[in-house]
Each structure stands twice: as structure tokens, then as C-alpha cells.
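A.B. asks: Predicted model and sequence below, questions to follow.
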Amino acid sequence: ALSFRLLGDNLLAARLPSIAFSTLGIAISFSLGRRLLGRGAGLVAAAGFASSFWALMFARLAVRTGSMPVMAMISAYLLLRLAQRKDLEWPLTIGAGLALGLTLYTYPSALVFPALMLAWLGFMHLIREMPTTSWRSLGLAYALMLIMAIPLLLAWLNPEATARADAVNAPLESLLDGDPSLVIANVVPVLGVFSVAGDSGLEFNIQNQPIFPTIPLAILFYLGLIWSMFGVFDRREATRVGYAFILLMLFGMLVPTLVTERPVNPSRTIGLLAVVYLLPAVATMKALNLAHGADRPDVRLAVFGVVAAALIVQMDHSIRHYFEVWPSNPVVAFLYQEAYQAIAQDELHWADEHDLFAIGGLTPYEMDPASMRLLAEPDPHPAQVVYFDAQTSLLIPGARKADATRILAVPSSISLHPALGGLLEPLGLQSIGSNRHYRLYEAAQPAIPTISANTDFGRTGAEEPLIRLLRAEPIIPAVPGQALMIVTAWEVLGETQGALRIFVHVVDQNDSILAQSDILGVPPDQWREGQVFLQAHDFLLPIDAPPGPYGLRVGLYDPNTTNRLAVLSPPGGNSVHIELEE
């Protein structure tokens with residue numbers, strides 16, 4: 001919120017917090033590692049974090065997820081300092097409470113973090129590594145955290161606020177119902193996420209890439225894990241508190257991903273980023289301590305060389321795979337709307353103020369307009385751009401001035417609906433260029449289909465119509481048991497807001513519905529006076545449908561209320577009936 005307030009609504013403001021948090025993550029990795037395990041461990045942990053593909057990925061995304069491990073490390077660092085104080089220190093107490101409270105707001109997996117820290121503090125108390133008087137300061141810090149959590153708790157009372165969690169928590173629900181099978185099925189992939197196979201999705205990862213994709217650092221990770229599991233019970237170890245923190249965070253942060261679907265999703269496992277690079281640091285420090293005890297400077301030098309080489313190999317892997325391998329994947333290019341970036345740079349940048357653009361995509365209702373607005377910032381022309389679903393519809397911008405140029409841009413990765421692809425030329429759309437990112441078409445004047453329906457629709461009680469049905473006809477004949485494609489053509493007469501859909505019913509001679517389509521690929525908030533758009537409708541006629549002739553019943557309705565638009569011209573009813581030729 002602060003970034004947007006200071007810098008405005010643009011890509012830099014969206015991404016700057018992630019960059020700042022990840023940079024801070026390098027520093028806090030060093031500080032926490034040094035305090036838990038020693039200076040050398042802090043250096044290894046910071047270098048591991050800095051050269052990580054995972055950390056690099058979330059450092060460059062405009063999402064809050066990467067703040068979770070950083071805030072967790074800050075909270076742990078402050079709690080550790082607080083636990084080592086005998087007297088109450090208000091600045092440190094308030095700082096620890098604020099950090100804990102803010103951590104809860106970073107990502108849902110942070111909900112288990114305060115419990116993990118309580119267990120860690122309990123371990124410190126058990127082995128007498130903290131004064132009893134520290135509990136007063138720690139209690140005040142947790143009280144401040146609970147106060148800060150009140151708005152979050154109130155938000156969760158709204159079911160819409162937890163809709164995303166409810167969509168992925170099937171293993172948890174099953175476990176609460178007494179069936180642990182889904183959680184058990186998650187165990188093997190979760191345990192393999194460190195060095196065997198990570199998430200198969202490409203949004204935040206190379207396909208199936210584990211947390212440690214390079215063998216040298218993976219070996220150091222497992223050596224550090226083994227030693228931590230033994231060392232935490234060794235009373236002679238001076239760093240048992242560090243081992244306890246590592247193990248509690250490592251296994252505790254696996255809980256959220258064990259009880260959700262797609263368990264090795266890099267976002268859901270993000271809490272591990274706070275601790276995984278401390279384990280190679282544990283292996284490094286143990287090897288150095290053994291070499292120091294044996295008075296073998298040559299061995300210490302060799303340890304430094306091995307660790308440095310492991311980090312260099314990881315850094316090389318991260319650079320090549322993030323900047324070359326990952327973005328070259330066509331799925332990644334589509335997910336991150338590379339075509340829209342190219343359109344914004346190549347076309348909108350030099351567009352004349354009278355030019356009108358219609359851009360096809362897959363998410364015209366939400367993501368496409370927001371993405372283009374940010375990608376074209378600060379160019380003012382995106383206000384003249386309208387959006388449509390290129391897989392189901394075709395939109396031609398309306399031109400209020402005779403000299404206006406009307407352009408359609410469709411990403412190369414998207415294919416037009418088969419019923420629409422053959423209508424480009426009849427509509428006066430001429431190809432004016434294409435590249436690996438997108439295809440461009442220019443609309444000639446006029447581009448109005450032959451009028452056969454000529455029915456105006458509008459809100460009930462309104463005098464001015466919103467939209468006119470120009471035509472509705474099949475692309476192929478209607479045959480029982482076979483697919484049927486209908487194309488409806490519309491002219492926009494007025495702008496509107498809210499949700500609308502086109503309904504097309506295929507009816508028999510008794511007016512009984514045989515098949516229906518409910519769709520609208522051009523969002524109402526993208527309607528501008530003078531636009532013409534075509535909407536494709538797909539049906540499958542029942543094999544036992546009576547013989548034709550068939551008819552169409554066409555209209556529009558609000559999916560939220562089911563209220564239909566009224567037929568204003570010719571007046572009467574809320575749909576129009578069109579006979580199909582046999």
C-alpha cells in the first residue's frame with residue numbers, strides 16, 4: 001500500500017516491495033544464522049538465499065508471498081534476542097510483537113509460525129538457555145501480536161475471504177472427518193521437494209525442479225539435517241538452540257502443505273525458504289569445527305573451497321534457468337502475458353490518439369485489462385482499448401470518427417473459434433502483420449454483418465436500448481446427435497455495467513429446449529457505442545431429438561439475478577425467436 005501511494009499504480013510500485021523484502025532476506029539470513037550458529041554460518045545462509053532460484057523468483061513477482069519467510073526470520077531474530085534478556089526492554093518487546101503480528105498477514109502458511117516459535121522458546125527454557133524472567137517480555141510480545149490479529153480474525157468471518165483456502169483444503173477436511181488418506185498421499189511428494197522433484201506447475205518454477213536442484217548444495221543440506229537431528233540432543237553442543245529452530249521450522253512449515261492440494265506448490269511451501277539454507281551452513285560449520293579441532297588448516301581450506309563451489313554452481317544454475325530456460329517455455333510466456341507486453345511496447349506506444357484497439361485474450365473480465373494498463377504505463381492509449389475472449393468471440397471497435405483506425409490484436413498462442421476464423425474477410429478484417437507474439441488485423445469501414453434479426457434489447461423500463469441483435473445463424477446444419485455451432489452478431493448501442501450473458505436456446509417445433517448456450521465473450525464494461533461483435537455458441541443436439549425444423553430463442557440476462565433484458569424494438573417479451581432453415 002505504501003509503495004503504491006508513493007510511486008503510483010504501476011509495475012515498479014507493484015514489484016518494488018518484493019525486491020525490498022528479498023534483499024532484506026539476504027541480510028536477515030546472515031544476522032539470524034550468525035546468532036544461531038556463528039558468523040560463518042550466517043555467510044553461508046545469506047549466500048544460499050541470494051543465489052537461490054526460489055528466492056530470485058519471488059523477488060521479482062508482484063505478490064506478497066515472498067515476504068513470509070523474511071518476516072518469519074525477522075520475528076525469530078527478535079524473539080531470540082528477547083529470550084536472552086533478563087530485564088524487560090520495551091523497544092525490543094514492541095518490535096518482536098509487531099514483527100509477529102505482521103508475519104500473520106504475509107501468507108496463510110504463517111498461521112502456524114507463532115506456535116512453532118512458542119515450541120522453540122519452550123525448548124530454550126527446558127535446556128536453560130533463557131532466563132525465566134524473559135517470559136514476561138515474550139508474553140507481552142505475543143499479546144501485541146494477538147491485538148494486531150483482530151482485523152484478520154474479523155475478516156475470516158466473511159466466507160468470501162476464505163474462498164481460496166476452501167478451494168484447496170480437501171486433505172485437511174478429509175483428515176478432520178477421520179480419513180487421513182489424502183494427507184498420507186502428500187507425504188512422499190512433500191519429502192521429495194528438497195532434492196527429488198518440486199512442483200510441476202510453471203507459474204513459479206521450472207517444471208518439477210526441487211528446492212535444491214544442484215547436487216553439491218543438496219548434499220550439504222542433507223548432511224546439515226542429519227547433524228541437526230543428532231546435535232539437538234547433544235548437551236555438549238553450544239548451538240542446540242539453532243538446531244531446534246531449524247528442525248521446528250523445517251517440519252512445522254511442511255504442515256500447511258501436507259493438508260492442502262498440490263502440496264509442493266512453491267507458494268505453499270514458502271515458509272521453508274526461511275530455514276533451508278541454514279542446513280548447508282550447519283554442515284559447513286561442523287566440518288570447520290572438526291578441522292579446527294584436528295588442527296588441519298588444509299582441511300579448513302578445502303571446506304571453504306567445497307562450499308564456495310557449491311554456491312557458485314547454484315548461482316550459475318539459477319541465473320541460466322531463471323533468465324533463459326524458464327522464460328523460453330511457451331506456457332510461461334502465455335502465463336506471464338508476454339504477448340501483451342509486446343503489444344504494449346510495439347503498438348500502443350506509437351498509436352495515434354484516434355486509433356481504437358480491441359485485444360483478444362482469455363481473461364477479458366479481469367486480468368487482461370489490468371495487465372495491459374500496467375504494461376502500457378504511462379501511455380494514455382489503453383483507455384481506448386477494449387477486450388474480448390478470442391476463443392469464443394470477435395470484437396470490432398466502433399469508430400466515431402471517419403479517420404479512426406480500428407485494430408484487432410490477438411496473441412499468437414490463442415486460436416480463434418472455428419466458427420469465427422472464416423468470418424474475418426466477410427467482416428472486412430485484413431491481416432496487417434504478425435510475429436511470434438501476436439497477430440494484427442485492421443477493420444475496414446463498415447464492418448456490419450447483413451441484418452436479419454434487428455432486435456434491440458435494454459433494461460426493463462428503460463427507453464434507450466443497450467444492444468441490437470443483428471444476426472443469428474448456424475455455421476453447419478443442425479443434425480440430431482451432432483455438434484452445432486451458432487454465431488450471433490451484435491451491435492452495441494450504449495454503455496453499461498454489471499454482469500450479462502447471452503442465452504441461445506435451440507428449440508423444436510413445440511418450443512421445447514433441446515440444447516442451450518449461456519456465454520458472453522465481450523464483458524459489458526468493455527461495451528462502447530458503435531462496436532460490433534460476434535459470439536460463437538456451441539451445442540450438442542440430443543441423438544433422440546425430433547426432426548426439424550428447429551428454431552432459436554435468443555436474449556440476454558443477468559447471471560446474478562437471472563433477470564432478462566427486455567426487447568425494446570420491436571417491443572414485447574424478453575427474447576427473439578428465429579427459425580432455422582432445414
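C.D. replies: Cool, got the structure.
A.B. asks: residue at max distance from the center of the protein?
C.D. replies: The C-alpha centroid of the chain is most remote from residue 295, which lies 52.4 Å away (Cα atoms, centre = their mean).
A.B. asks: Show me where the stretch 401-550 of the chain has its helices.
C.D. replies: For the stretch 401-550 of the chain, helices defined by DSSP state H, counting those that start in this stretch occupy the ranges 418-421.
A.B. asks: With the stretch 51-200 of the chain instead?
C.D. replies: 53-59, 67-83, 90-104, 113-126, 134-156, 163-168, 170-176, 181-191.
A.B. asks: Just list the residues touching the residue farthest from the centre of the chain, thanks.
C.D. replies: By Cβ atoms under 8 Å, 6 or more residues apart in numbering, no residues touch residue 295. Quick note: C-beta positions are derived from backbone N, CA and C, even for glycine.
A.B. asks: Could you verify that it is part of a helix?
C.D. replies: No - secondary structure assignment (DSSP: H, G, I helix; E, B strand; the rest coil) places residue 295 in coil, not in a helix.
A.B. asks: per-residue pLDDT, it?
C.D. replies: Here, the pLDDT recorded for residue 295 equals 75.
A.B. asks: From residue 259, how far out is the closest residue to residue 156 other than its chain neighbours?
C.D. replies: The spatially closest residue to residue 156, leaving aside those adjacent along the chain, is residue 162, at 5.9 Å (Cβ to Cβ, 6 or more residues apart in numbering). Applying Cβ to Cβ, to the nearest Å, the value for residue 162 to residue 259 is 14 Å.
A.B. asks: Same question for residue 226.
C.D. replies: Going from residue 226 to residue 259 by Cβ to Cβ gives 27 Å.
A.B. asks: Compare these two and say which is more crowded by neighbours.
C.D. replies: residue 259 (21 against 14; other Cβ atoms under 10 Å).
A.B. asks: check contacts around that one.
C.D. replies: 169, 171-172, 175, 183, 186.
A.B. asks: run the last query once more with 7 Å
C.D. replies: By Cβ atoms under 7 Å, 6 or more residues apart in numbering, the residues touching residue 259 are 169, 171-172, 175, 183.
A.B. asks: Equivalent analysis for residue 89, please.
C.D. replies: When the contact criterion is Cβ under 7 Å, 6+ apart, the partners of residue 89 are residue 137.
A.B. asks: Could you give the number of residues near the residue nearest to residue 156?
C.D. replies: Neighbouring residues of residue 162 were enumerated by other Cβ under 10 Å; the total is 14.
A.B. asks: ditto for residue 474
C.D. replies: Under the neighbour criterion other Cβ under 10 Å, residue 474 is assigned a count of 18.
A.B. asks: again, but for residue 134
C.D. replies: Residue 134 has 20 neighbours, counted by other Cβ under 10 Å.
A.B. asks: Now the element after the longest helix along the chain, going C-ward?
C.D. replies: Longest helix of the chain, by residue count under DSSP state H: helix 11-37. Where DSSP states H and E defines the elements, the next helix or strand beyond helix 11-37 is helix 39-50.
A.B. asks: Which neighbouring elements make contact with that following helix?
C.D. replies: In terms of contacts (3 or more Cβ pairs under 7 Å, 6 or more residues apart in numbering; DSSP states H and E), helix 39-50 is packed against helix 11-37, helix 278-293, helix 297-320.
A.B. asks: for those, which one ends up most surrounded?
C.D. replies: Ranked by mean neighbour count under mean count of other Cβ atoms under 10 Å, the helices and strands packed on helix 39-50 are led by helix 278-293, which reaches a mean of 22.
A.B. asks: between that helix and helix 297-320, how big is the angle?
C.D. replies: Here helix 278-293 runs at 160 degrees with respect to helix 297-320, directions being taken by axes from the mean of the first three to the mean of the last three Cα atoms, to 10 degrees.
A.B. asks: Highest neighbour count among the contacts of residue 259?
C.D. replies: Of all the contacts of residue 259, the most densely surrounded is residue 171 (22 neighbours; neighbours counted as other Cβ under 10 Å).
A.B. asks: Burial check on residue 536, number of neighbours?
C.D. replies: A count of neighbours around residue 536, defined by other Cβ under 10 Å, yields 24.
A.B. asks: So it sits against residue 392, correct?
C.D. replies: Yes - under the contact definition of Cβ atoms under 7 Å, residue 536 touches residue 392, with a separation of 5.3 Å.
A.B. asks: Give me the common contacts of these two.
C.D. replies: Shared between the contact lists of residue 536 and residue 392 (criterion: Cβ under 7 Å, 6+ apart) are residues residue 417.
A.B. asks: ok, back up a step: any idea of the mean pLDDT for the longest helix of the chain?
C.D. replies: For helix 11-37, the per-residue pLDDT values average out at 95.
A.B. asks: who does that helix touch, helix- and strand-wise?
C.D. replies: Counting contacts by 3+ Cβ pairs under 7 Å, 6+ apart, helix 11-37 packs against helix 2-7, helix 39-50, helix 53-59, helix 67-83, helix 240-252, helix 278-293.
A.B. asks: Now with 8 Å, please.
C.D. replies: Here helix 11-37 is seen to pack against helix 2-7, helix 39-50, helix 53-59, helix 67-83, helix 240-252, helix 278-293, helix 367-375 when contacts are counted using 3 or more Cβ pairs under 8 Å, 6 or more residues apart in numbering; DSSP states H and E.
A.B. asks: Those helices: which one's closest to residue 435?
C.D. replies: Among the helices and strands packed on helix 11-37, helix 367-375 comes nearest to residue 435, with 16.7 Å by Cβ to Cβ.
A.B. asks: Buried residues, the closest one. List them.
C.D. replies: When burial is assessed from 16 or more other Cβ atoms under 10 Å, helix 367-375 yields the following buried residues: 368-369, 371-375.
A.B. asks: Start and end of stretch 266-273, how far apart?
C.D. replies: 10 Å (Cα to Cα, to the nearest Å).
A.B. asks: in it, what's buried?
C.D. replies: So, applying 16+ other Cβ under 10 Å, buried residues of stretch 266-273: 266-273.
A.B. asks: Please identify which of the residues you listed is nearest to residue 470.
C.D. replies: The shortest separation between residue 470 and any of these is 46.0 Å, and it belongs to residue 267 (by Cβ to Cβ).
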